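[1] model the following, please.
(one chain, ligands or ions: 1)
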Amino acid sequence: MATEFPVVLASGSPRRRELLGNLGVAFEVVVSGEAEDSAESDPARLAGELADLKARAVAAQRPDAVVVAADTVVAQGALLLAKPESTEENVAFLRELSGRTHQVYTGVSVISPAGRWSGVERTDVTFRPLTDAEMSYYAATGEGLDKAGGYGLQGVGMALVQRLDGDSSNVIGFPLALVIRLLRGAGVAVFGEMESRE
Ligand SMILES: Cc1cn([C@H]2C[C@H](O)[C@@H](COP(=O)(O)OP(=O)(O)OP(=O)(O)O)O2)c(=O)[nH]c1=O
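    Residues are numbered from 1 along each chain as shown. The predicted structure follows:
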């Protein structure tokens, strides 16, 4: 039986709205506005914890709903790259990523009146060795400024990437295979059905 509860996406991200919309799930958007904070330094645990904080904040406002939240963390070795605050910082991020492999983790948390489902997806992304001119050009597009790691795989940033191991939707901030599994766990019908026919 599919759940009767309405679905709420706890995210201001247009990418997450588009990707959830693609799953044939009707949903509302509620953004808590609370700043998430954590002292966790392990990137996978941090992504899971921040997704959970976002989901909990909105679930407190909407206890009637299935609340879905996600958080993306980009890690180059021990360095965590958040959203660059300027074009200069974006160039510095690209210099860190150039010619190397980094990890993108997205935590997803689903909270409903019936329980909680969560997971973290990892994708390894390898950048081409970038020239100074390429880094300056890309940073000047502004595309990376609202994105963890300072690039967007779905845009011009695709040209920076040499190789990707894992789910590409995870890099864009909404790992679809994981999201589908968690939503079905919570009783939400995806693509109009509860069970995968694979
Ligand atoms: C690496 C990468 C990140 N991103 C985005 C995904 C996320 O939206 C963002 C990471 O920041 P998040 O803190 O995960 O999310 P957000 O603040 O944008 O949205 P909300 O908390 O309201 O859900 O970076 C891309 O769109 N493309 C990419 O290639």
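
[2] for the residue most central in space within the chain, which three-state class applies?
    Central residue of the chain (Cα atoms, centre = their mean): G173, 2.3 Å from the mean position. What DSSP: H, G, I helix; E, B strand; the rest coil gives for G173 is coil.

[3] where's it relative to the ligand, distance?
    Distance, G173 to the ligand, by Cβ to the nearest ligand atom, to the nearest Å: 3 Å. From N, CA and C alone the C-beta is placed, and that goes for glycine too.

[4] what's in contact with stretch 9-17?
    Residues from elsewhere that reach stretch 9-17 (Cβ atoms under 8 Å, 6 or more residues apart in numbering): 20, 27-32, 54-55, 57-58, 67-70, 154, 172-174.

[5] near the ligand, anything from it?
    Yes. Using Cβ under 6 Å from any ligand atom, we find that stretch 9-17 touches the ligand at S11, G12, S13, R15, R16.

[6] which parts of this structure are helices?
    Secondary structure of the chain (DSSP state H): helices at 14-21, 43-61, 87-97, 132-141, 168-171, 176-185.

[7] residues of the third one that come out buried?
    Right, helix 87-97. Buried residues in helix 87-97, counted by 16 or more other Cβ atoms under 10 Å: T87, E89, N90, V91, F93, L94, E96, L97.

[8] so how far is stretch 112-131 from its chain's centroid?
    Using Cα atoms, centre = their mean, to the nearest Å, the mean C-alpha position of stretch 112-131 is found 6 Å from that of the whole chain.

[9] what parts of this structure come near the ligand?
    Proximity of the chain to the ligand, by Cβ under 6 Å from any ligand atom, involves residues 11-13, 15-16, 31, 54, 70-72, 74, 104, 147-149, 151-154, 157, 171-173.
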